[in-house]
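S.K.: Curious how this folds, go ahead:
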Amino acid sequence: MSTTHPSAETVDAAAKSLLTSERERFPDSIIEINQRLYERGWTDGLPVIPPTEEAVRWMLGGTDRGPDELIAVLPPAQGEATVEKIAINAVMAGCRPEYLPIVITTIECVAEERLNLYGRQTTTHPGAPLIIVNGPMARELEVNAGFNVFGQGWRANATIGRALRLCLMNIGGGTPGKTDRATHGHPGKYSYCIAENEAANPWEPLHVERGLARETSAVTVIWAEAPHNINDQRNESAPGILRTAASVMATLGGNGFYRQGEALLVLSPEHAATIAGDGWTKDDVRRFLFEQARERFGRVKQGGIFGLGDLPRWIDQHEVGDQVGPPGGHADGDVRGAAAGGAEEAEYFGGAKGDVFRERHDAAVFVEERAGNGELLGRSWAASELVPGDGAHLDDRARARELVEPFPFRAGAGEGMDEKVGVEVHAHQKPMSSSLMRRISASGSVRSKS
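M.R.: Numbering: from 1, shown residues only. Model prediction:
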């Protein structure tokens, strides 16, 4: 998209548009206004900018999309996030009009079914939507990608992330302590927005890696836990730095050991340059972390949430001493990487992947084929919409054959399920994405990448 600001004609058209939200009179005192808004649960606990009609029309000047255009329906309240409603919350958050296309795009991202917003809005997990902005708009709007990238001091970072959170609360009904059941939460639930430091990135940026052109502005939303600092001032090689990172990622209390998801490693420019200088690509980094960020299965089953759900398919629990890892991934492609920040440290985020599976009926079938003596002959995964409930066992051999037959897991397996072979079928929820990316567009055309 073009990153130029809306024309005067666009702003004038927005100003003349009919706004449909209910009006309510408040005292002239901003202190009293904020007190009333707080008492009604319409704030995040911090003071807000009063969303007067003048301010909302000013905000709508940042997009050429109509105020009544429906962007998404946000659970659990199933609130309709129109452009006007999003603009109201953007005003309250302190956004400038030119931030509005980014805020709208983040709403489109979080509303994607694959991100499981219903579950994320109601879970006890502390995850929050981390926004990563790429492309020309990140630089034009001064979205911080350098020192203190996750901290205070930049209006774009602070207000874009805050606007998304206010929309999730005021439109989606994610009310802390009521529908939002996060046990602890984390500070990123106020605002969680950064840009990637593309100028200091020795590899291709995140949005290019995921299929978009470098000159395209894009937003990636990842439901993430709080950052965990990784400090390594000793190693000066790719294996040494990444081995330290892997040790931080491999923690028994993290959800990633027990549930599939994605992990995000944010490298400072100095560490990224060292790793790339050793000739390592992003794929090399992923493979290394996938191999190194592991724990012994014997330790994993001693704590965490072991036993509360089925482990990822690539863990063979029948082998003594098997290792589990990497946290938050079921393949080396599920370790995301981005370059941001300053100095020499890195940050690790545990990615949540569908903590609460509600209103989901798709599933995946996991089949084990074993001989009469218990020997494992093969395994298979297949998508299906026919499998009942999470973790269900199918004892009906005819039903098992019906589900598995279209998806043989080895040559002749479809014919191999005879009386000598035991077939066990587990129904799992269809793997969901913990990150989505969209191209930012004022006109509404978007491209989605999981």
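S.K.: quick one: low-confidence ranges for this structure?
M.R.: 1-17, 256-257, 259-261, 307-435, 442-450 (pLDDT under 70).
S.K.: so after the longest helix belonging to it, what's the next helix or strand?
M.R.: Counting residues, the longest helix found in the chain (DSSP state H) is helix 155-170. Using DSSP states H and E, the helix or strand that follows helix 155-170 towards the C-terminus is strand 193-195.
S.K.: what sits up against that next one?
M.R.: 130-134, 138-139, 143-145, 149-150, 156-158, 160-161, 164, 340 (C-beta atoms under 8 Å, 6 or more residues apart in numbering). Any C-beta I mention is one placed from the backbone N, CA and C, and that applies to glycine too.
S.K.: strand partners of it, parallel vs antiparallel please.
M.R.: strand 128-134 (parallel) (DSSP bridges).
S.K.: per-domain residue ranges of this structure.
M.R.: For the chain, automatic domain parsing gives the domain ranges 8-224+433-449, 228-350, 363-429.
S.K.: Quick one: list the elements packing against the host helix or strand of Leu289.
M.R.: According to DSSP H and E, Leu289 maps onto helix 282-292. The contact analysis (3 or more C-beta pairs under 8 Å, 6 or more residues apart in numbering; DSSP states H and E) places helix 282-292 against helix 238-249, strand 263-267, strand 335-339.
S.K.: 10 Å - rerun?
M.R.: Packing contacts for helix 282-292, counted by 3 or more C-beta pairs under 10 Å, 6 or more residues apart in numbering; DSSP states H and E, involve helix 206-209, helix 238-249, strand 263-267, helix 269-277, strand 335-339.
S.K.: Those: which one's closest to Ser21?
M.R.: Ser21 lies closest to helix 206-209 among these, at 33.5 Å (C-beta to C-beta).
S.K.: Name the next helix or strand downstream of that closest one, please.
M.R.: Next along the chain from helix 206-209, counting by DSSP H and E, comes strand 218-224.
S.K.: which parts of that next one are buried?
M.R.: Residues Ala218, Val219, Thr220, Val221, Ile222, Trp223, Ala224 are the ones in strand 218-224 that count as buried (16 or more other C-beta atoms under 10 Å).
S.K.: Could you check the angle it makes with strand 128-134?
M.R.: Strand 218-224 runs at 150 degrees relative to strand 128-134, counting by axes from the mean of the first three to the mean of the last three C-alpha atoms, to 10 degrees.
S.K.: quick one, strand 218-224 and strand 263-267 angle?
M.R.: 120 degrees.
S.K.: what helices or strands is whichever helix or strand comes after strand 218-224 leaning on?
M.R.: Counting by DSSP H and E, the next helix or strand C-terminal to strand 218-224 is strand 228-230. With contacts taken as 3+ C-beta pairs under 10 Å, 6+ apart, strand 228-230 sits against helix 238-249, strand 263-267, strand 346-350.
S.K.: Of those, which is nearest Gly172?
M.R.: strand 346-350 (22.3 Å).
S.K.: circling back: so the helix holding Leu289 versus helix 269-277, what angle?
M.R.: 100 degrees.
S.K.: quick check: angle from helix 282-292 to helix 238-249?
M.R.: Going by the same axes, to 10 degrees, helix 282-292 makes 50 degrees with helix 238-249.
S.K.: In its sheet, which strands sit next to whichever helix or strand comes after helix 282-292, and in what direction?
M.R.: Note on helix 282-292: by DSSP H and E, the next helix or strand toward the C-terminus is strand 295-296. Next to strand 295-296 in the sheet, as set by DSSP bridges, lie strand 323-324 (antiparallel).
S.K.: name the element Thr85 belongs to?
M.R.: Careful, residue 85 is Lys; it's not Thr. helix 83-93.
S.K.: which helices and strands does that helix pack with?
M.R.: Counting by 3+ C-beta pairs under 10 Å, 6+ apart, helix 83-93 packs on helix 53-60, strand 70-74, strand 79-82, helix 100-110, helix 155-170.
S.K.: and Asp44, what element?
M.R.: Per DSSP H and E, there is no helix or strand for Asp44.
S.K.: List the contacts of it.
M.R.: 38, 92-93, 162, 165-166, 168-170, 176, 189-191 (C-beta atoms under 10 Å, 6 or more residues apart in numbering).
S.K.: re the thing from before, make a markdown table from the helices and strands packed on helix 83-93 and add distance to Leu117 and mean neighbour count to it.
M.R.: Formatted as a markdown table, the helices and strands packed on helix 83-93 follow (distance: least, C-beta to C-beta, whole Å; neighbours: other C-beta atoms under 10 Å):
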| stretch | distance to Leu117 | mean neighbour count |
| --- | --- | --- |
| helix 53-60 | 23 | 19 |
| strand 70-74 | 7 | 18 |
| strand 79-82 | 11 | 19 |
| helix 100-110 | 5 | 25 |
| helix 155-170 | 8 | 25 |
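S.K.: In JSON lines: these, plus distance to Met437.
M.R.: Below are these laid out as JSON lines (distance: least, C-beta to C-beta, whole Å):
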{"stretch": "helix 53-60", "distance to Met437": "24"}
{"stretch": "strand 70-74", "distance to Met437": "16"}
{"stretch": "strand 79-82", "distance to Met437": "19"}
{"stretch": "helix 100-110", "distance to Met437": "7"}
{"stretch": "helix 155-170", "distance to Met437": "15"}
